[in-house]
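Enquirer: give me the fold of what follows.
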Amino acid sequence: MLNKIEKIAGSAFYTGYIPFASGTWGSLAATLIYFIPNFENIYVILPLTGLLFLWGLKVGDKFEAVYGKDPSQFTLDEVVGTWISYLFLPKDIYVILAAFILWRALDIIKPSPARNAESLTGGMGIMLDDVISGFYTFIIMHIALFLIN
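Expert: Numbers count the residues shown, from 1 in each chain. As a prediction, this is how the structure comes out:
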């Protein structure tokens, strides 16, 4: 039911098939891509994040049909959430490390309404909780940086 492209991208380069902490591995893959020179450029990261979100809705449906509700094999949602977390942040290793840790914590804890969004079925439920947690990270990081500076 999943073609090779869907499997590779949906699992963020097969990180979803790592038997432990697949979400963290997917977020790490997203972070490595983020460190490609100029990837943080708003004309690069925003369209890619939006396109992957929309594509993730469709492919998430397929992953859920094959593997069950919110499958660990699907880590494209972590990629999208990670990139949302990093939007407009300084491309500094310590800032990104702090955002990464905060993002993973919020993705695991799933503060409301992220937890509510997770109850949605299919790709929407898979993607939306990570988008919400990504925006929480985005807001907290920008407030923290504002207060520090």
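Enquirer: every contact and neighbour count from this point should use C-alpha atoms.
Expert: Fine.
Enquirer: which one is residue 131 nearest to, not counting chain neighbours?
Expert: Using C-alpha to C-alpha, 6 or more residues apart in numbering and skipping the chain neighbours, the partner closest in space to residue 131 is residue 81 (5.0 Å).
Enquirer: that neighbour: what secondary structure?
Expert: When classified by DSSP: H, G, I helix; E, B strand; the rest coil, residue 81 comes out as helix.
Enquirer: starting from residue 18, give me the distance back to it.
Expert: 19 Å (C-alpha to C-alpha, to the nearest Å).
Enquirer: so if I had to pick from the two, which one is more boxed in?
Expert: Remark: of residue 81 and residue 18, residue 81 carries more neighbours, 30 against 14, as counted by other C-alpha atoms under 10 Å.
Enquirer: show the pLDDT at residue 1.
Expert: We have a pLDDT of 87 for residue 1.
Enquirer: now for the strand or helix carrying residue 132, which elements pack on it?
Expert: Secondary structure assignment for residue 132, by DSSP states H and E: helix 122-148. When contacts are defined as 3 or more C-alpha pairs under 8 Å, 6 or more residues apart in numbering; DSSP states H and E, helix 122-148 sits against helix 42-67, helix 76-86, helix 93-109, helix 114-118.
Enquirer: which of these comes out lowest on mean pLDDT?
Expert: Minimum mean pLDDT among the helices and strands packed on helix 122-148: helix 114-118, a mean of 90.
Enquirer: spit out the contact partners of residue 53.
Expert: Listed by C-alpha atoms under 8 Å, 6 or more residues apart in numbering, the contact partners of residue 53 are 77, 80, 127.
Enquirer: repeat that for residue 39.
Expert: 33, 45.
Enquirer: do you know how far it is from residue 47?
Expert: 11 Å.
Enquirer: and if you look at residue 5?
Expert: For residue 5, the distance to residue 47 - C-alpha to C-alpha - is 19 Å.
Enquirer: over to residue 28?
Expert: Residue 28 is 20 Å from residue 47, by C-alpha to C-alpha.
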